[in-house]
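Fold the following for me, if possible:
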Amino acid sequence: MCTSTNSGTWRRLDQAERISLEETLHRRGLHLTEQREQILEVIFGCPGHICAEHILAAVADRRPDLHMNKTTVYRALDLLQELDLVTEHKIGDGPAQYEAASRGHHAHLICEKCGESQDMDAQLAENLRIGLYARHGFSAGLESHPIFGVCARCRS
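Predicted coordinates for the structure are as follows:
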């Protein structure tokens with residue numbers, strides 16, 4: 001089950017972000033190709049997390065003239081992760097989800113009924129990390145391990 005949270009208000013890359021992304025690629029001897037630019041536009045513009053299939057579909061909707069396939073998307077995602085521009089999240093059994101690394105590290109809450117993914121409140125996640133460490137000496141990496149439960153909508 002795909003847990004993309006790609007509904008809501010999308011935004012466009014602003015000029016400063018575009019320049020920063022180009023500079024990051026140029027430092028590695030790479031160029032901001034049309035395909036990479038469109039993939040970045042989708043990931044950075046998405047209001048939540050998005051899987052590779054939905055990235056490909058969003059690019060096709062925006063730029064039907066641009067030839068792109070799943071392999072192109074996955075190669076770009078691998079590169080963008082290597083450059084620390086994009087973060088990958090494995091959420092349950094579904095496909096990996098991606099988001100802009102500039103959003104920072106955060107934990108996720110996943111509904112076991114509908115599959116909805118929510119970002120966990122940063123302060124709550126930090127308090128949980130502190131509590132786990134204080135009580136159990138356990139250093140939790142909540143970014144990599146979502147917390148499963150039932151969302152408010154499914155409970156009602």
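
tell me, what residue is most central in this structure?
Glu99 (2.0 Å; C-alpha atoms, centre = their mean).

Kindly provide the distance from the nearest residue to His108 once chain neighbours are set aside to Glu23.
Of all residues not flanking His108 in the chain, Pro146 sits nearest, at 4.2 Å (C-beta to C-beta, 6 or more residues apart in numbering). Any C-beta I mention is one placed from the backbone N, CA and C, and that applies to glycine too. Look at Pro146 and Glu23: by C-beta to C-beta, to the nearest Å, they are 33 Å apart.

okay, these two: which has more neighbours?
The neighbour comparison of Pro146 against Glu23 (other C-beta atoms under 10 Å) goes to Pro146, with 20 against 10.

so that one sits right up against Asp119, yeah?
No - judged on C-beta atoms under 8 Å, Pro146 makes no contact with Asp119 at a distance of 10.4 Å.

Please put the alpha-carbon coordinates of the host helix or strand of Val73 into PDB.
Using DSSP states H and E, Val73 sits in helix 70-82. Extracted in PDB, the C-alpha atoms of helix 70-82 (Å, rounded to 0.1, in the frame of the first residue of the first chain):
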ATOM      1  CA  LYS A  70      10.800   4.600 -13.600                       C
ATOM      2  CA  THR A  71      14.500   3.900 -14.000                       C
ATOM      3  CA  THR A  72      15.300   7.500 -14.500                       C
ATOM      4  CA  VAL A  73      13.400   8.400 -11.400                       C
ATOM      5  CA  TYR A  74      15.100   5.800  -9.200                       C
ATOM      6  CA  ARG A  75      18.600   6.800 -10.500                       C
ATOM      7  CA  ALA A  76      17.900  10.400  -9.800                       C
ATOM      8  CA  LEU A  77      16.600   9.500  -6.300                       C
ATOM      9  CA  ASP A  78      19.700   7.600  -5.600                       C
ATOM     10  CA  LEU A  79      21.900  10.500  -6.600                       C
ATOM     11  CA  LEU A  80      19.800  13.100  -4.800                       C
ATOM     12  CA  GLN A  81      20.000  11.000  -1.600                       C
ATOM     13  CA  GLU A  82      23.800  10.600  -2.000                       C
END
